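Engineer: Provided below for reference: sequence and predicted model.
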Amino acid sequence: MDVIAFALAVIGYAGLTVTAIRAAYGSLPMALWRATVLVIVVHTFLIWHVRYEWSFATATRNGYAGFLIFHGALLAIVWSAVASEPLQSRLVWVSFVVVTLGAVGAVFRYDEVAVYRLPVLALGAVGVAALLAAARRRSTGRVR
């Protein structure tokens, strides 16, 4: 089950990356985003079931900060699936940044997910570069 849970994490992160990029350029793909949200929610459910065994103490064993940040990002992700613009895109962007920071840290800290290091780094780099490029285009007035 770990393999499925962690594979879903990478699939969800890929969907989050694509959605964040598309949203930054003014076209949030709702069908893809809602499917991605479902993948992320299933991943979270599996982590709680398989890794934490529904134990809050286990889920917070490495501290409350990471727990609150990741679950805050999860809340923003779920909220963004039903919010309206411009809040929707902003929630996606913030979620992408938070998840990227956490995912990059996780693939270097935990052996269980080290195998995903290259895809996470590649997705993170592409996503951050695209978001920065979109922000630069906006600041110079060259939207689209």
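Structural biologist: Arrived safely. Numbering: from 1, shown residues only.
Engineer: what about the helices in this protein?
Structural biologist: 2-24, 30-46, 56-59, 64-80, 87-109, 117-139 (DSSP state H).
Engineer: show me where the chain dips below the pLDDT cut-off.
Structural biologist: 142-144 (pLDDT under 70).
Engineer: nearest residue to the most centrally placed residue in the chain in space, please, no chain neighbours.
Structural biologist: Centroid check for the chain by C-alpha atoms, centre = their mean gives Val99 as the closest residue, at 4.2 Å. Counting by C-beta to C-beta, 6 or more residues apart in numbering, Val99 lies nearest to Ala73, which is 5.5 Å off, once chain neighbours are set aside. Backbone N, C-alpha and C define where each C-beta goes, glycine included.
Engineer: wait, isn't that neighbour in contact with Val92?
Structural biologist: No. Look at Ala73 against Val92 with C-beta atoms under 8 Å: they stay out of range, at 10.7 Å.
Engineer: compare neighbour counts for these two and give me the winner.
Structural biologist: Neighbour count, other C-beta atoms under 10 Å: between Ala73 and Val92, Val92 has more, with 26 against 22.
Engineer: quick check: the more buried one vs Gly72, distance?
Structural biologist: Per C-beta to C-beta, to the nearest Å, Val92 is found 14 Å from Gly72.
Engineer: what's the distance between stretch 31-49 and the middle of its chain?
Structural biologist: Averaging C-alpha positions (C-alpha atoms, centre = their mean, to the nearest Å) puts stretch 31-49 10 Å from its chain's average.
Engineer: and for it, what are the contacting residues?
Structural biologist: 1, 4-5, 8-9, 11-12, 15-16, 18-19, 22, 54, 59, 74, 77-78, 80-81, 92 (C-beta atoms under 8 Å, 6 or more residues apart in numbering).
Engineer: could you rerun that using 6 Å?
Structural biologist: Residues from elsewhere that reach stretch 31-49 (C-beta atoms under 6 Å, 6 or more residues apart in numbering): Ala5, Leu8, Ala9, Ile11, Gly12, Gly15, Thr19, Leu74, Ile77, Ala81.
Engineer: perfect, that will be all.
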